[in-house]
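Visitor: Curious how this folds, go ahead:
(one chain, ligands or ions: 1)
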Amino acid sequence: MKTILSIKNLQHYFGKGTVDENHVLKGINLDIREGDFISIIGGNGAGKSTLLNSVAGSFPITSGSILLNGQDITKQNVMKRSDKISRVFQDPRMGTAVRLTVEENLAIAMKRGQSRGFSKGVKKQQRKFFKEQLATLGLGLENRLQTEIGLLSGGQRQAITLLMATIVRPELLLLDEHSAALDPKTSLLVMELTEKIISEQNLTAFMVTHNMEDAIRYGNRLIMLHQGQIVVDLANEEKNQLTVPDLLELFHKKSGSQVSDDSLLL
Ligand SMILES: Nc1ncnc2c1ncn2[C@@H]1O[C@H](COP(=O)(O)OP(=O)(O)OP(=O)(O)O)[C@@H](O)[C@H]1O
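Guide: Next up is the predicted model:
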């Protein structure tokens, strides 16, 4: 199977050389294969978001390298990487222009990977395509093309953000606790939609979550991060058989500390 993302000996410090020095990622080696849908869990401060941010290019990493489809992207900035890597954040306002309409946002998303020019104009034939795409979400949003995104509910916005992130197929989809701010029912809806989009388009995805049940239920591979290192990496059958108590037990074994359900979930 083709390797989409290859992370080699990734080290990251915040505040290196200062009194606040924090060695957050301590030698991460990870190959993500085509079609992998990976969940990453771990306690607060384990380095999950820092790992995702390193892949997205939010800051220069201290050392190591990151290859996307064999191309070394370590030195590329976040803008350049966003041509190929798309991202959905926890805050439904991120990743969308809240004062623009649904169709204007989708028109901007369609420009990913092209030399961007910031036109938000919507052409007639595009409108038809957007309607079809929105209808696949099953939320009636195909009738809200001219609604300002900021006026939609959090769940509706996250659904549209998912569509925007995938309307031009990304080589890698990053999901940063993208259902965590939603109520349980809406979170379930967004997670089901996520799974549908990923499997229909055979996307490669990397998802940070605090929800162990979601980490077990969705995707084909589960990674646990502890103090900046990968301590568990389970795939397919091994992952499918996991239960939440198994995960807590694994965490206890690997980290040498007792953990309550809440400290991983919250
Ligand atoms: N921009 C930053 N500048 C300085 N320190 C940071 C920055 N971002 C994160 N950190 C620190 O890096 C460590 C890891 O944080 P990170 O957000 O990656 O952890 P996490 O596993 O995602 O945690 P959580 O589950 O609490 O979101 C923490 O000690 C955090 O304070």
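
Visitor: for this structure, which spans come out with low pLDDT?
Guide: The chain contains residues with pLDDT under 70 at 115-121, 257-266.

Visitor: what's the longest helix in it?
Guide: helix 184-200 (DSSP state H).

Visitor: Just give me how far that helix sits from the chain centre.
Guide: Relative to its chain's centre, helix 184-200 lies at 13 Å (C-alpha atoms, centre = their mean, to the nearest Å).

Visitor: counting contacts, what elements does that helix pack onto?
Guide: Under the contact criterion of 3 or more C-beta pairs under 8 Å, 6 or more residues apart in numbering; DSSP states H and E, helix 184-200 touches helix 154-166, strand 205-208. Any C-beta I mention is one placed from the backbone N, CA and C, and that applies to glycine too.

Visitor: And the next helix or strand past the longest one?
Guide: Read it as helix 154-166. Counting by DSSP states H and E, the element after helix 154-166 in chain order, helix or strand, is strand 172-176.

Visitor: and the closest residue in space to residue 150 that isn't next to it in sequence, how many neighbours does it have?
Guide: Nearest non-adjacent residue to residue 150, counting by C-beta to C-beta, 6 or more residues apart in numbering: residue 98, 3.4 Å away. Residue 98 has 14 neighbouring residues, counting by other C-beta atoms under 10 Å.

Visitor: these two touch, right, residue 98 and residue 149?
Guide: Yes - using C-beta atoms under 8 Å, residue 98 is in contact with residue 149, at 5.4 Å.

Visitor: overlap in contacts of those two?
Guide: With contacts defined as C-beta atoms under 8 Å, 6 or more residues apart in numbering, no residue is shared by residue 98 and residue 149.

Visitor: Could you list the residues in contact with the helix or strand containing residue 23?
Guide: Taking DSSP H and E as the definition, residue 23 sits inside strand 22-33. Outside of strand 22-33, the residues within contact range by C-beta under 8 Å, 6+ apart are 1-15, 38, 47, 50-51, 54, 61, 64, 172, 204, 206, 223, 227-230, 233.

Visitor: Restricted to buried residues, select those in ChimeraX.
Guide: Per 16 or more other C-beta atoms under 10 Å, the buried members of the contacts of strand 22-33 correspond to this ChimeraX selection:
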select :4,5,6,7,8,10,11,12,13,38,47,50,51,54,61,64,172,204,206,223,228,229,230
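
Visitor: just checking: which of the contacts of strand 22-33 also lie near the ligand?
Guide: 14, 47, 50 (C-beta under 6 Å from any ligand atom).

Visitor: Just send those residues back as TSV, with secondary structure too.
Guide: Converted to TSV, these look like this (DSSP: H, G, I helix; E, B strand; the rest coil):
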residue	secondary structure
14	strand
47	coil
50	helix
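
Visitor: quick check, residue 4 in a strand?
Guide: Yes - the assignment for residue 4 by three-state DSSP puts it in a strand.
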